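**Q** Sequence below, structure please.
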Amino acid sequence: MTKVKKHRGGLSPDKYLSREQVQQLRKYFADVGNQDGRRAAVNEAIIDVLLNSGLRAAELIALKMMDLPHCHGKLIINVRQGKGNVRRSVQISSALAKRIERFVKKHRKGAKPRSSLFISEQGTNLSYRSIYSKIRIIGKAAGLPRLTPHMLRHTYGTSWYNKTQDLFGLADQLGHSDVKVTHIYAKTSDEKMRQQVEDFDLFCNSFQVNIQ
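**A** Have a look, this model is predicted:
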């Protein structure tokens, strides 16, 4: 039996997206937006919400209209079916709230409060398998063949910590019951450490090596 090796120092590079890779995703949707109409809009909205809220795929699937800012008037997403059946409120930006509202007005107009935010082209509820498959297809088309829903969640966690240095706030956003679980993001692509590494580059800075 092969023993699984542990990875020290935060998430491995294949578990989250860099800023450049996020821009790669944005460029992909900018290129296909006018070609694929509603399907492209749905796909982009799914990626947008996952990437900018840190929701799990199952939590995204369970979202109802009544859980969204344009229905309850607050800049939060109400997660009814979190891990362990724990409910929580996830803070989101006003910009994301406006993008969700625009999506609803154009593509889910007339949906009732208890209707799902995202549905299939046949009008049925999405499954985890369908969300996972959809994101894999998007990733391959965008040149990111390893893309998964959880990679988007990890990208959110890494970006949040790099900007705020707030583990407890991030734990609340992600729905972690133990901040020790969240601590992995403090070790992943930390911008302060990145600057230290850049400053320590011995051959590119002032340090001189004398060879006898």
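
**Q** Dihedrals phi and psi, residue 90?
**A** phi -110, psi 120 (degrees, to the nearest 10).

**Q** what's the neighbour count on it?
**A** Residue 90: 20 surrounding residues under other CB atoms under 10 Å. Yep, even glycine has a C-beta here, placed from its N, CA and C like the rest.

**Q** my guess is it contacts residue 50, does it?
**A** No: if you go by CB atoms under 8 Å, residue 90 and residue 50 don't touch, sitting 11.5 Å apart.

**Q** Go ahead and name everything in contact with the host helix or strand of residue 155.
**A** Secondary structure assignment for residue 155, by DSSP states H and E: helix 149-164. Outside of helix 149-164, the residues within contact range by CB atoms under 8 Å, 6 or more residues apart in numbering are 11, 15-17, 22, 47, 50-57, 60, 131-132, 135, 166-167, 169-170, 173-174, 182, 185-186, 188-191.

**Q** again, only using 7 Å
**A** Contact with helix 149-164 is made by 11, 15-17, 22, 47, 50-54, 56-57, 131-132, 135, 167, 170, 173-174, 185-186, 188-191, as judged by CB atoms under 7 Å, 6 or more residues apart in numbering.

**Q** Just the ones of the residues you listed in strands?
**A** The members of the contacts of helix 149-164 all map outside strands under DSSP state E.

**Q** Would you list the buried entries among these?
**A** 11, 15-17, 22, 47, 50-54, 56-57, 131, 135, 167, 170, 173-174, 185-186, 188-190 (16 or more other CB atoms under 10 Å).

**Q** Residue 180 versus residue 53, what's the distance?
**A** For residue 53, the distance to residue 180 (CB to CB, to the nearest Å) stands at 22 Å.

**Q** and what of residue 86?
**A** 17 Å.

**Q** Residue 130 now?
**A** Residue 130 is 33 Å from residue 180, by CB to CB.

**Q** out of these two, which sits in the busier spot?
**A** Taking other CB under 10 Å, residue 130 and residue 180 do not tie; residue 130 has more neighbours (15 against 10).

**Q** number of nearby residues for the nearest residue to that one once chain neighbours are set aside?
**A** Leaving aside its sequence neighbours, residue 130 sits nearest to residue 120 (CB to CB, 6 or more residues apart in numbering; 6.8 Å). Residue crowding around residue 120 was assessed by other CB under 10 Å; the count is 13.

**Q** Next, give phi and psi for residue 120.
**A** Per degrees, to the nearest 10, the backbone of residue 120 is at phi -80, psi 170.

**Q** And it, how far from residue 101?
**A** In this view, residue 120 and residue 101 are 22 Å apart by CB to CB.

**Q** One more: residue 68?
**A** Taken as CB to CB, the span from residue 68 to residue 101 is 8 Å.

**Q** And stretch 12-28, end to end?
**A** Criterion CA to CA, to the nearest Å; first-to-last residue distance in stretch 12-28 is 25 Å.
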